[in-house]
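Colleague: Build the 3D model from these lines:
(one chain, ligands or ions: 1)
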Amino acid sequence: VSERRRTRRLAELRAPEIVDAVGPGATLVLPVGAVEQHGPHLPLATDLLIADAVCDQLVAARGDELDLWLLPPLAVSRSNEHAWAPGTLWLGPTTLLAVLDDLGRSLARLPARRLLFVNGHGGNSALLAVACRELRLAHGLLTFLAHPFVPPDQGGAPPPDLDGDGELGCGIHAGLDETSMVLALRPDLVDLGAARRAVPEALAANRHVRFGGPVTFGWTSQDLGLDGVIGDPTGATAARGTTLLALAVAALGAACEEIARFELGHAGLASTTEHTSPTGD
Ligand SMILES: [Zn+2]
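Modeller: So this is what the prediction gives:
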């Protein structure tokens, strides 16, 4: 019998081990990726690669200390702003909500009560925030949403400004940061020679209606007419990517310290929503 490596990957456990290994203090970490066009220079799996790598590094670095368990990534998500491009795989918003509800229902069978979505795709942010509340209500889980530097299209955390912002706040898709991170993770999948600057300058001039602005707007990447890239990947480097990934892992580790202590007042919330008496007696 060969010795199994000590694991923090839930799917590597055998079923009877679950009850002892994954206690009520555990946090389940679910990387949420995407498979969608990322311009001519990056692979379709860019968001999946980044979310998966950040979660993998997070759980490797802090898993034992903070009782983190890595779930298999959700590879395909809500990417229909890129549906025009062959190779983009996507679930519609109602489908994704249903998938997340089923995942929450099955995860709620574990002793663990905390579920952290680590979202690598800005197009998921609003829906995952909705899912956090739905899974809280339906399954009693403590749910959390964090971003490894998802650009600020829909509520993601913008990356720290390492070198000034030549992207005018519009580096939201296949731009400097994503390209740098994939260069750090899988340089064999990047064709930097095909990278072109594609910044929607008119949009960047708006005070209100812009990416990350106070007024959001519906868009597809085809609407912007920039061959699917929104940003300026031309200055990307693996060194910048390595720095961004390390910052993301450190920030998520600090967040997981709070998540591990986080409590809400009514653990039985799901049942308290039931006892309405329509007849009033
Ligand atoms: Zn992306």
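
Colleague: Any idea how many residues pack against residue 204?
Modeller: Other residues near residue 204 number 15, with proximity taken as other Cβ atoms under 10 Å. In short, each C-beta sits where N, CA and C put it, glycine included.

Colleague: Counting neighbours, what do you get for the closest residue to it other than its chain neighbours?
Modeller: Leaving aside its chain neighbours, residue 204 sits nearest to residue 168 (3.6 Å; criterion: Cβ to Cβ, 6 or more residues apart in numbering). Residue 168 has 16 neighbouring residues, counting by other Cβ under 10 Å.

Colleague: Check the one 4 residues further on too.
Modeller: By other Cβ under 10 Å, 25 other residues sit near residue 172.

Colleague: Next one: it from residue 198, what distance?
Modeller: Using Cβ to Cβ, to the nearest Å, one gets 11 Å for the distance from residue 172 to residue 198.

Colleague: all strands of the stretch 101-250 of the chain, in order?
Modeller: Using DSSP state E, counting those that start in this stretch, the strands of the stretch 101-250 of the chain run over 114-119, 142-146.

Colleague: Could you tell me which residues touch both of residue 172 and residue 198?
Modeller: 230, 231 (Cβ atoms under 8 Å, 6 or more residues apart in numbering).

Colleague: Sketch out the low-pLDDT regions of the stretch 51-200 of the chain for me.
Modeller: By pLDDT under 70, the weakly predicted segments of the stretch 51-200 of the chain are 150-159, 163-164.

Colleague: In it, which residue sits closest to the ion?
Modeller: residue 178 (4.9 Å; Cβ to the ion).

Colleague: these two touch, right, that residue and residue 38?
Modeller: Yes: between residue 178 and residue 38 a contact is recorded at 7.0 Å, counting by Cβ atoms under 8 Å.

Colleague: Just the pLDDT for the nearest residue to residue 210 once chain neighbours are set aside.
Modeller: Distance criterion Cβ to Cβ, 6+ apart; nearest residue to residue 210, sequence neighbours excluded, is residue 203 at 5.3 Å. You'll see residue 203 listed with a pLDDT of 89.

Colleague: Repeat that for the one 10 residues further on.
Modeller: Predicted confidence (pLDDT) for residue 213: 88.

Colleague: which residue sits closest to it in space, ignoring its chain neighbours?
Modeller: Nearest non-adjacent residue to residue 213, counting by Cβ to Cβ, 6+ apart: residue 206, 6.6 Å away.

Colleague: Residue numbers of the protein in contact with the ion?
Modeller: Selection of the chain residues close to the ion by Cβ under 5 Å from the ion yields 46, 47, 178.

Colleague: since we're on the second one, how many residues are nearby?
Modeller: A total of 33 residues lie near residue 47 under the criterion other Cβ under 10 Å.

Colleague: That one is in contact with residue 31, isn't it?
Modeller: No: look at residue 47 against residue 31 with Cβ under 8 Å: they stay out of range, at 9.6 Å.

Colleague: Need the overlap of contacts for those two.
Modeller: By Cβ under 8 Å, 6+ apart, the residues touching both residue 47 and residue 31 are residue 120.

Colleague: which parts of stretch 196-204 are buried?
Modeller: Neighbour counts over stretch 196-204 (16 or more other Cβ atoms under 10 Å) mark 198, 199, 200, 203 as buried.

Colleague: Kindly report the same for stretch 202-219.
Modeller: Buried residues in stretch 202-219 (16+ other Cβ under 10 Å): 203, 210, 211, 212.
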